[in-house]
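*Asks:* take a look and give me a structure for this.
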Amino acid sequence: MNKGQFSIIMPAYNAEETIVSSIKSVIDQDYKPWELIIVNDCSSDNTSKLINTFLPNIKIKVFDLDENHGVSEARNIALTHSTGELIAFLDADDTWGKNKLFEQKKVFDRGALIVFSSYRKIYPDNVSVINKVKKMVRPEDFFKYNPIPNLTGAFHRSLMPISQYDIGHEDYVMWYQLIKKATVAISTPTNLILASYRVNKNSLSSNKIKAAIWQWSILRKYFGLNLALSLYYFLFYIIRALSIRVKGFFYG
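*Replies:* Model (predicted):
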């Protein structure tokens, strides 16, 4: 384990339009003890060629898969190759502010085991909306929704082993299992917007029925809630999903 170092997990699949800015946002970090682990999930476009423009770089590890495994397995593969004391995630179409790791390391240094941050959603036509997170999250907060954005979440290696599941909401159960071990997650100051999440048109028009089925499965199978509690929190999920859908309609 490399003490004080972040291992950054980046799955990539056909990300030629965005991966350069994602990688640059890591390289430009004010906090320099990091390694970037990119798993190229059998991309068929120029993703591999663009990744190679950053090589050789001893801080960047690249693993090219011969067949497509999906985002959750790509992240799990990257996790097995991580060596840092701290683990963070960044998809190949998202970016970080240059102070993201620096600000989160300060919270880790105060004893936190899970740290997360506020972020910006960028809709088509570059309209952006700020999403401020809660100051503190506990396991029961996950029953309503996933309160830890994967692109801003980071955790201490002492919470491993852990993996993501191919269940649609790939990171949801992972963060829940992590916080059950840590008991609490702490945010950086919520006014600091430390990342940008790109919302594409496909995600705005995705299958909401399938997503709802995933949510129900998580509540019942992975969280183990009884029928009454599952119905209560599922209703909350539906209301929240509809409000996000309306927001996406106006900003899309």
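
*Asks:* how about the strands of the stretch 151-252 of the chain, start to end?
*Replies:* Listed from the start of the chain, the stretch 151-252 of the chain has strands (DSSP state E, counting those that start in this stretch) covering 154-156, 185-187, 193-198.

*Asks:* how about JSON lines for these, with mean pLDDT, mean neighbour count and distance to Ile87 added?
*Replies:* Yep, even glycine has a C-beta here, placed from its N, CA and C like the rest. What follows is those, written out as JSON lines (pLDDT from 0 to 100; neighbours: other CB atoms under 10 Å; distance: least, CB to CB, whole Å):
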{"stretch": "strand 154-156", "mean pLDDT": "98", "mean neighbour count": "24", "distance to Ile87": "5"}
{"stretch": "strand 185-187", "mean pLDDT": "98", "mean neighbour count": "23", "distance to Ile87": "13"}
{"stretch": "strand 193-198", "mean pLDDT": "96", "mean neighbour count": "21", "distance to Ile87": "16"}
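
*Asks:* tell me which of those strands lies nearest to Ile130.
*Replies:* strand 193-198 (6.0 Å; CB to CB).

*Asks:* and the closest one, what does it pack onto?
*Replies:* For strand 193-198, the packing partners by 3 or more CB pairs under 8 Å, 6 or more residues apart in numbering; DSSP states H and E come out as strand 95-96, helix 100-109, strand 118-122, strand 128-131.

*Asks:* centre of the chain versus that strand, how much separation?
*Replies:* Relative to its parent chain, strand 193-198 has a centroid offset of 11 Å by CA atoms, centre = their mean, to the nearest Å.

*Asks:* relative to helix 100-109, how tilted is that strand?
*Replies:* Angle, strand 193-198 to helix 100-109, by axes from the mean of the first three to the mean of the last three CA atoms, to 10 degrees: 130 degrees.

*Asks:* run through who's touching strand 193-198.
*Replies:* With CB atoms under 8 Å, 6 or more residues apart in numbering as the contact definition, strand 193-198 has outside contacts at 18, 90, 93-97, 99-100, 103-104, 117-122, 128, 130-131, 149, 151-152, 188.

*Asks:* and the helices and strands packed on strand 193-198, which is most packed in?
*Replies:* Ranked by mean neighbour count under mean count of other CB atoms under 10 Å, the helices and strands packed on strand 193-198 are led by strand 95-96, which reaches a mean of 24.

*Asks:* which residues are in contact with that one?
*Replies:* Strand 95-96 has contacts (CB under 8 Å, 6+ apart) with Ser21, Ser22, Lys24, Ser25, Val26, Gln29, Leu90, Leu151, Leu194, Ala195, Ser196.

*Asks:* and those residues, which are buried?
*Replies:* Ser22, Ser25, Val26, Gln29, Leu90, Leu151, Leu194, Ala195, Ser196 (16 or more other CB atoms under 10 Å).

*Asks:* phi, psi of the fifth one?
*Replies:* In other words, Leu90. Here is the backbone geometry of Leu90 (degrees, to the nearest 10): phi -150, psi 120.

*Asks:* list the contacts for Ile213?
*Replies:* Ile213 is in contact with Gly168, counting by CB under 8 Å, 6+ apart.

*Asks:* please disregard the earlier target; I meant Ile186.
*Replies:* Taking CB under 8 Å, 6+ apart as the test, what Ile186 contacts is Val107, Arg110, Ala112, Ile114, Val115, Phe116, Lys135, Met136.
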